[in-house]
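>>> okay, sequence plus prediction incoming.
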Amino acid sequence: MRALWLRLRKSGGWWTLDMLKHHWRPTCAPHEVQHAMDALEAGGFVESRDQATNLRYGVTANCQALPGFEPFCQSEDAQ
């Protein structure tokens, strides 16, 4: 879950669940990615947006930082 959150934070932008499942396929089963995203969203660590028929996830300045990490700042959000 930490690696998934870090990837979203570092990459920026908005990722669909299908994109995340495809990216993490070698490491995680699809249900594990879904469970991780549900937990991250419930904890306020990622934000979701409903665009058309796809839910997209991202880390924004409104999100909580995982323990041990600095809060996400606006300058990172612009990258």
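Structure's in. What do you need? Numbers count the residues shown, from 1 in each chain.
>>> residues in contact with the residue nearest to residue 8 when sequence neighbours are not counted?
In space, and not counting its chain neighbours, residue 8 is closest to residue 59: 4.9 Å by Cβ to Cβ, 6 or more residues apart in numbering. No exception for glycine: its C-beta is placed from N, CA and C like everyone else's. If you count contacts by Cβ atoms under 8 Å, 6 or more residues apart in numbering, residue 59 has them with 5, 8-9, 12, 45-47, 72.
>>> and the furthest pair within these?
Distance extremes for the contacts of residue 59: the farthest pair is 12 and 45 at 15.1 Å, using Cβ to Cβ.
>>> who's more crowded, these two?
residue 45 (23 against 15; other Cβ atoms under 10 Å).
>>> for the helix or strand hosting residue 49, which helices and strands make contact with it?
If you go by DSSP states H and E, residue 49 is part of strand 47-51. Judged by 3 or more Cβ pairs under 8 Å, 6 or more residues apart in numbering; DSSP states H and E, strand 47-51 is in contact with strand 54-58.
>>> where does residue 57 land on pLDDT?
According to the prediction, residue 57 has pLDDT 94.
>>> now for it: which residues touch it?
8, 14-17, 20, 37, 40-41, 46-48.
>>> inside strands: which ones of these?
The strands, defined by DSSP state E, take in 15-16, 47-48 from the contacts of residue 57.
>>> among those, who's most crowded?
residue 15 (23 neighbours).
>>> grab the nearest non-local neighbour of that residue.
Nearest non-adjacent residue to residue 15, counting by Cβ to Cβ, 6+ apart: residue 57, 5.4 Å away.
>>> how are the helices of this structure distributed by residue range?
Here the chain has its helices, by DSSP state H, at 2-11, 17-24, 30-42, 74-77.
>>> and those: which comes nearest residue 52?
Checking the helices of the chain against residue 52 by Cβ to Cβ gives helix 17-24 as the closest, at 13.0 Å.
>>> counting by contacts, list what the closest one packs against.
helix 2-11, helix 30-42, strand 54-58.
>>> contacting residues around the longest one?
In other words, helix 30-42. For helix 30-42, with Cβ under 8 Å, 6+ apart as the criterion, the contacting residues are 1, 4-5, 17, 20-21, 24, 28, 46-48, 57.
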